[in-house]
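1. Have a look at this prediction, sequence included:
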Amino acid sequence: MKNIITIFIVCMVLSGCATAQNVAKTDVKTDSIAEKMLVYQLNNGGWPKQLQDKSVVKYEYPLTEALLEKIKATSPMHATIDNAATSREINALVLAYKNTGNQAYLKAAEKGIDYLLKSQYANGGWPQYYPDKSSYRAEITYNDNAMINALTIMLNIAYRTNGFEAVDAKYIPKAADAVKRGVECVLKTQFVQNGKLTIWAAQYDENKLIPAKARAFEPASLSTGESVGVVRFLMKLKDPSEEIKNAIKNAVNWFEGTKIVGLKYDKIAEKDKGLVADANAVSWARFYDLQTNKPIFGDRDNTIKDRIEDVSQERRYGYAWYGTFAQNLLAKEYPKWLKANGG
């Protein structure tokens with residue numbers, strides 16, 4: 001009789017444990033976009049911006065069987081930090097973990113962080129793609145804020161900010177080292193004209209640290225939009241050194257000296273754009289000649305133009321050749337930083 005009672009109690013306990021486990025599983029909160037990011041993550045920890053068939057990654061698409069097959073067929077060679085890929089997912093997954101407590105999201109984010117740490121060059125720069133080194137993919141890439149996005153993640157880990165305090169503490173020294181080397185790379189790549197610091201190019205030769213071209217219409221040049229992103233990152237650093245302060249101030253001075261007042265880039269005809277008068281406009285060209293600081297423009301035939309009017313209509317309309325890139329930086333952000341840092 002005692003054996004029967006014992007068996008009954010054990011069964012009840014086991015049954016209760018199983019029920020508790022089931023409840024625990026059902027209590028795990030999920031995030032629909034984060035769930036898809038888990039599926040898209042490549043086995044090296046990074047994420048693609050395009051799948052093997054060159055279709056763009058869009059998380060609003062439902063995960064059909066056909067799409068799942070495309071994702072499964074995508075090689076780790078497609079892992080990239082271009083177009084915010086990988087950094088976008090890491091940031092989103094850290095936020096999803098904060099909102100749900102779902103450990104799977106944090107684990108995937110940390111795997112993505114491992115990818116970023118592994119892909120950083122010894123000189124502190126980040127390539128656009130890793131491990132793919134074909135064409136311009138191996139170049140150190142500021143274009144579209146690729147490297148700055150990666151550095152910002154490392155800074156958040158090191159500073160324990162923006163939800164990254166949830167990341168395992170073992171990443172703190174690794175991230176701090178990545179930031180240190182990354183900042184050294186940023187300072188080394190700030191372009192010098194006649195002994196004077198200016199701004200940055202969009203991409204650099206990963207070994208020589210000199211400006212490099214990317215696509216046919218993206219020449220080696222000073223790049224305004226990317227340089228604004230670099231300056232904003234440098235202004236986030238606590239207790240900046242004199243070298244960092246000098247880099248920021250010289251870049252701001254360059255922006256002040258090259259701003260175009262009274263003109264903006266806007267539609268001038270059907271599928272065509274050009275400079276038009278606007279008394280309130282403050283603009284900069286996307287690219288500037290490395291030596292003369294004059295705006296330059298590329299075309300699909302690899303030719304470089306001095307005037308936007310000489311660029312093919314398709315490229316005039318399909319690329320952001322001018323913008324308000326540094327307007328807020330000069331008007332609001334830099335003065336605030338200067339006041340806080342003894343300017």
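-> Cool, got the structure.
2. pLDDT below threshold where in the stretch 151-300 of the chain?
-> Nowhere does the stretch 151-300 of the chain drop to pLDDT under 70.
3. in it, which spans are strands?
-> Ranges of strands within the stretch 151-300 of the chain are 192-193, 196-197, 203-204, 222-223, 260-269, 272-285, 287-288, 297-298, based on DSSP state E, counting those that start in this stretch.
4. So which residues make contact with the second one?
-> Contacts of strand 196-197 with the rest of the structure, by Cβ atoms under 8 Å, 6 or more residues apart in numbering, involve Gln190, Phe191, Asn246, Ala247, Asn250, Ala251, Trp254. Yep, even glycine has a C-beta here, placed from its N, CA and C like the rest.
5. Repeat the analysis, applying 7 Å as the threshold.
-> Here strand 196-197 makes contact (Cβ atoms under 7 Å, 6 or more residues apart in numbering) with Gln190, Ala247, Asn250.
6. Number of residues surrounding the closest residue to Lys188 other than its chain neighbours?
-> Of all residues not flanking Lys188 in the chain, Leu209 sits nearest, at 5.7 Å (Cβ to Cβ, 6 or more residues apart in numbering). Residues near Leu209, counting by other Cβ atoms under 10 Å, number 15.
7. returning to that earlier point: now intersect the contacts of strand 196-197 with the helices, please.
-> For the contacts of strand 196-197, the ones inside helices are Ala247, Asn250, with DSSP state H as the criterion.
8. Contact partners for Thr86?
-> So Thr86 contacts Gly46, Trp47, Ala79, Thr80, Gly112, Tyr115, Leu116 (Cβ under 7 Å, 6+ apart).
9. Buried ones in stretch 324-331, by neighbour count?
-> Using 16 or more other Cβ atoms under 10 Å as the burial criterion, the residues of stretch 324-331 that qualify are Thr324, Phe325, Ala326, Gln327, Leu329, Leu330.
10. Which single one of those residues is nearest to Asn145?
-> Within the buried residues of stretch 324-331, proximity to Asn145 (Cβ to Cβ) peaks at Phe325, which comes in at 11.9 Å.
11. What strand or helix carries that closest one?
-> Under DSSP states H and E, no helix or strand contains Phe325.
12. Check the one 10 residues further on too.
-> Assignment of secondary structure by DSSP H and E places Pro335 within helix 334-340.
13. CA atoms only: put that helix into CSV for me.
-> Listed next in CSV are the C-alpha coordinates belonging to helix 334-340 (Å, rounded to 0.1, in the frame of the first residue of the first chain):
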residue,chain,number,x,y,z
TYR,A,334,27.8,71.0,-32.1
PRO,A,335,27.1,74.1,-30.0
LYS,A,336,25.6,71.8,-27.3
TRP,A,337,28.6,69.5,-27.4
LEU,A,338,31.0,72.5,-27.3
LYS,A,339,29.4,73.9,-24.2
ALA,A,340,29.6,70.6,-22.4
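14. Tell me the buried residues in that helix?
-> Going by 16+ other Cβ under 10 Å, helix 334-340 has these buried residues: Tyr334, Trp337.
15. And for stretch 231-241?
-> Neighbour-count burial for stretch 231-241 [16+ other Cβ under 10 Å]: Val231, Arg232, Phe233, Leu234, Met235, Leu237, Pro240.
16. what do you get for stretch 42-62?
-> Buried-residue list, stretch 42-62, by 16+ other Cβ under 10 Å: Leu42, Asn44, Gly45, Gly46, Trp47, Pro48, Lys49, Leu51, Val57, Tyr59.
17. Adding pLDDT, distance to Lys264 and secondary structure as columns, could you present the residues you listed in CSV?
-> Compiled in CSV, those are given as follows (pLDDT from 0 to 100; distance: Cβ to Cβ, whole Å; DSSP: H, G, I helix; E, B strand; the rest coil):
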residue, pLDDT, distance to Lys264, secondary structure
Leu42, 98, 41, coil
Asn44, 98, 43, coil
Gly45, 98, 42, coil
Gly46, 98, 37, coil
Trp47, 98, 35, coil
Pro48, 98, 35, strand
Lys49, 98, 30, coil
Leu51, 97, 37, coil
Val57, 98, 32, coil
Tyr59, 98, 33, coil
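18. would you list the residues you listed in CSV and tack on distance to Leu68?
-> Shown next, in CSV, are the buried residues of stretch 42-62 (distance: Cβ to Cβ, whole Å):
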residue, distance to Leu68
Leu42, 14
Asn44, 19
Gly45, 20
Gly46, 19
Trp47, 16
Pro48, 14
Lys49, 18
Leu51, 11
Val57, 13
Tyr59, 14
